[in-house]
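[1] Sequence plus predicted model, see below.
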Amino acid sequence: MTRKNNLILLILFFALLEVTVLHNFRVFQAKPDLFLICVIVASLYFEVEYALGISLLCGGLKDVFGIGSFGLNTLLFPVISFLIMKISRKLVLNDTPVLCAAVFIVSFFYYILSRIALIYLGTAISFWAFLRISFLESLYTAAIFPLTLKLIKRTIHL
């Protein structure tokens, strides 16, 4: 139970980082998505109910602190978590480079889904701006994943 409580505290710490410090580390208006990393880690290392709960928590926090359409992340994060759990049963995701590649793919898939939903809701974005931001944010998220994974593993004692 302590592992799970530590993860929730770490997610709240990541929420604080997302709102304050990470805005200073933007590269071409792209920043890493710490909430998505938490969803991926919870989906890989915890049971289904807890992983879906963590994804709901992360999605809710991202919606509360974000400027996008409210509820979009709360809907998308559990879907992505469920898909990760299904795929991880068929693939071996143990090595850090493989996990980084998986994080890039999942992150890019998440950004595509969220942009399609935003277009459906009436927010138009040029295709090249969308592609640049999605690619850079996915790459940035995958690049900081090993450091974040090490912090998460140390905090929750995996």
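    Structure's in. What do you need?

[2] measure the residue nearest the centre of the chain to S126 for me?
    The residue lying closest to the centre of the chain (CA atoms, centre = their mean) is L36, at 0.7 Å. Distance, L36 to S126, using CB to CB, to the nearest Å: 23 Å. For glycine as for every other residue, the C-beta is placed from the backbone atoms N, C-alpha and C.

[3] what's the average pLDDT for the longest helix seen in the chain?
    In the chain, taking DSSP state H as the definition, the longest helix is helix 127-156. Averaging pLDDT along helix 127-156 yields 86.

[4] Use 633 as the first number for this chain going forward.
    Sure, I'll start numbering at 633, so the last one becomes helix 759-788.

[5] That helix packs against which elements?
    Under the contact criterion of 3 or more CB pairs under 8 Å, 6 or more residues apart in numbering; DSSP states H and E, helix 759-788 touches helix 634-651, helix 666-677, helix 728-752.

[6] what's the angle from it to helix 728-752?
    130 degrees (axes from the mean of the first three to the mean of the last three CA atoms, to 10 degrees).

[7] Report the contact partners of the closest residue in space to F646 that isn't next to it in sequence.
    With sequence-adjacent residues excluded and distances taken as CB to CB, 6 or more residues apart in numbering, F646 is closest to L666, at 4.1 Å. Counting by CB atoms under 8 Å, 6 or more residues apart in numbering, L666 touches F646, L649, E650, L654, T780.

[8] Kindly provide the distance from the residue of the chain most remote from its centre to I716.
    The centre of the chain is farthest from one residue, G754, which by CA atoms, centre = their mean lies 23.9 Å away. According to CB to CB, G754 stands 29 Å off from I716.
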